[in-house]
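need coordinates for the following:
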Amino acid sequence: MAGASEFDPALLLSHKFPETTFSYSERDVAIYSLGVGACASDAVDADELKYVYHKDGQKYIKVLPTFAALLSLGSLTKGLDLPGLQYDPRLLLHGQQYIELYKPFSSSSHIHNKVTLAGLHDKGKAAILEIETKSYEKESGDLLCMNRTTAFLRGAGGFSKSSNPFSYSNYPANQVSSVKFPETQPFSVFEDRTQPSQALLYRLSGDYNPLHSDPMIAQVAGFSKPILHGLCTLGFAVRAIIKCICRGDPNAIKSIVGRFLLHVYPGETLFTEMWLDGLRVIYRTKVKERNRIVLSGYVDLNGLTPSL
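Model (predicted):
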């Protein structure tokens, strides 16, 4: 990427990201739930109807915990404001997502986001950027959730001015890369087929990156056709964990770690394997048709007894 060699990391490390706002309604919650596959195979699924409908007279629809990731979307979908660092947004890949949840989401809210740089790494042919977003309810001022988003900027590396590649992080390395999957059979497995139009539906939740909708852009990025959003795949996986282990209770989720390993094409079948380790659920999601692992990580529970 032109200009990478002239980039001064100190300039970005001292940069103050603008605070942002995010508002959502019950309609947005329902569209998101449909976007990550809720009620797709069974429109009257007893576990999932509550995410899109006032089931049994409930006053508000329920919110899936991965909805929290939408609050950090502005950093990626509107372009990263990176002083001095040039990159091609078409070549941006989502590497990891870490979410901490501090209280249940209401079905509509106004959110105030505080955004900071959590990490910057020069990988030679690419730069890795870690963005932290803390989200507060505007009315109460309560901290609602925190996201750490890792973006892989292909072509933006090579800016180190010494033989040692530049690397900065203001928090300990994420544990997701060192997760060891048990050799035993999974505690639970869940199979769910994405729809050919899944990415077109999911993008209505705010991620309009043409990589997921435009065939020409997808080819420029090296894919045969548009791919599914990584956060959509994460939504499918966590929804499977809630259904299979949390007795359908979305508030059982305390934190979520997801590492995006490979792309998914809309229409492929996702097969999520889950292992219990105390109050931690270790999981990995495969594409059945290609027998490839596309997502891995773990989910920590809130102390509620998992479904045995």
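
part of a helix, is Lys243?
Yes: under DSSP: H, G, I helix; E, B strand; the rest coil, Lys243 sits within a helix.

quick one: contacts for it?
Lys243 sits next to Asp47, Glu48, Phe190 when contact means CB atoms under 8 Å, 6 or more residues apart in numbering. From N, CA and C alone the C-beta is placed, and that goes for glycine too.

give me the buried subset of the residues you listed.
Asp47, Glu48, Phe190 (16 or more other CB atoms under 10 Å).

filter these down to the ones in strands?
Mapping these onto strands (DSSP state E) picks out Phe190.

which residue in the buried ones among the contacts of Lys243 has the weakest pLDDT?
In terms of pLDDT, Asp47 ranks lowest among those, with 89.

name the spans of the stretch 51-200 of the chain whose pLDDT lies under the cut-off.
The model of the stretch 51-200 of the chain has pLDDT under 70 over residues 74-80, 162, 172-178.

okay, the residue positioned nearest the centre of the chain and Pro266: tell me how far apart.
Centroid-nearest residue in the chain, with CA atoms, centre = their mean: Leu231, separated by 3.6 Å. Relative to Pro266, Leu231 is positioned 14 Å away (CB to CB, to the nearest Å).

now swap in Asn170 and tell me
Taken as CB to CB, the span from Asn170 to Pro266 is 36 Å.

one more: Gly230?
13 Å.

more neighbours, the two?
Of the pair Gly230 and Pro266, Gly230 is the one with more neighbours under other CB atoms under 10 Å, namely 25 against 21.

this protein: helices as residue ranges?
9-13, 26-35, 74-77, 198-202, 215-220, 230-244 (DSSP state H).

dump the ones you listed to TSV, plus distance to Asp277.
As requested, the helices of the chain are exported to TSV (distance: least, CB to CB, whole Å):
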stretch	distance to Asp277
helix 9-13	36
helix 26-35	28
helix 74-77	31
helix 198-202	30
helix 215-220	37
helix 230-244	13
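
and the nearest residue in space to Gln198 that is not next to it in sequence, what is it in contact with?
Distances taken as CB to CB, 6 or more residues apart in numbering put Pro266 closest to Gln198, at 4.3 Å, once the chain neighbours are dropped. By CB under 8 Å, 6+ apart, the contact set of Pro266 is Thr194, Gln195, Pro196, Ser197, Gln198, Ala199, Leu200, Pro226, Ile227, Leu228.

do the same with Phe105
Val29, Val63, Pro65, Phe67, Ala68, Leu144.

what's the distance between the second one and Tyr32?
Computed as CB to CB, the Val63 to Tyr32 distance reads 8 Å.

was I right to think Arg90 contacts Asp214?
No: Arg90 is beyond contact range of Asp214, at 9.6 Å (criterion: CB atoms under 8 Å).

count of neighbours near Asn113?
As a burial measure, Asn113 scores 20 neighbours (other CB under 10 Å).

er, Pro215 actually
12.

which residue is the nearest non-sequential neighbour of it?
Using CB to CB, 6+ apart, the closest residue to Pro215 is Lys225 (5.7 Å).

okay, the one you found: pLDDT?
Lys225 is given a pLDDT of 96.

which positions in stretch 137-150 come out as buried?
Glu137, Leu144, Cys145, Met146, Asn147, Arg148, Thr149, Thr150.

CA atoms only: put that stretch into PDB for me.
Extracted in PDB, the C-alpha atoms of stretch 137-150 (Å, rounded to 0.1, in the frame of the first residue of the first chain):
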ATOM      1  CA  GLU A 137     -27.200   3.600  27.600                       C
ATOM      2  CA  LYS A 138     -27.700   7.400  27.100                       C
ATOM      3  CA  GLU A 139     -30.700   7.600  29.400                       C
ATOM      4  CA  SER A 140     -29.200   5.800  32.400                       C
ATOM      5  CA  GLY A 141     -25.500   6.200  31.700                       C
ATOM      6  CA  ASP A 142     -25.000   2.500  32.500                       C
ATOM      7  CA  LEU A 143     -22.200   0.600  30.700                       C
ATOM      8  CA  LEU A 144     -24.100  -1.900  28.500                       C
ATOM      9  CA  CYS A 145     -21.400  -3.800  26.700                       C
ATOM     10  CA  MET A 146     -17.800  -3.700  25.400                       C
ATOM     11  CA  ASN A 147     -16.600  -4.900  22.000                       C
ATOM     12  CA  ARG A 148     -13.000  -5.400  20.900                       C
ATOM     13  CA  THR A 149     -12.900  -5.700  17.100                       C
ATOM     14  CA  THR A 150      -9.800  -7.000  15.300                       C
END
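
right, I'll leave it there.
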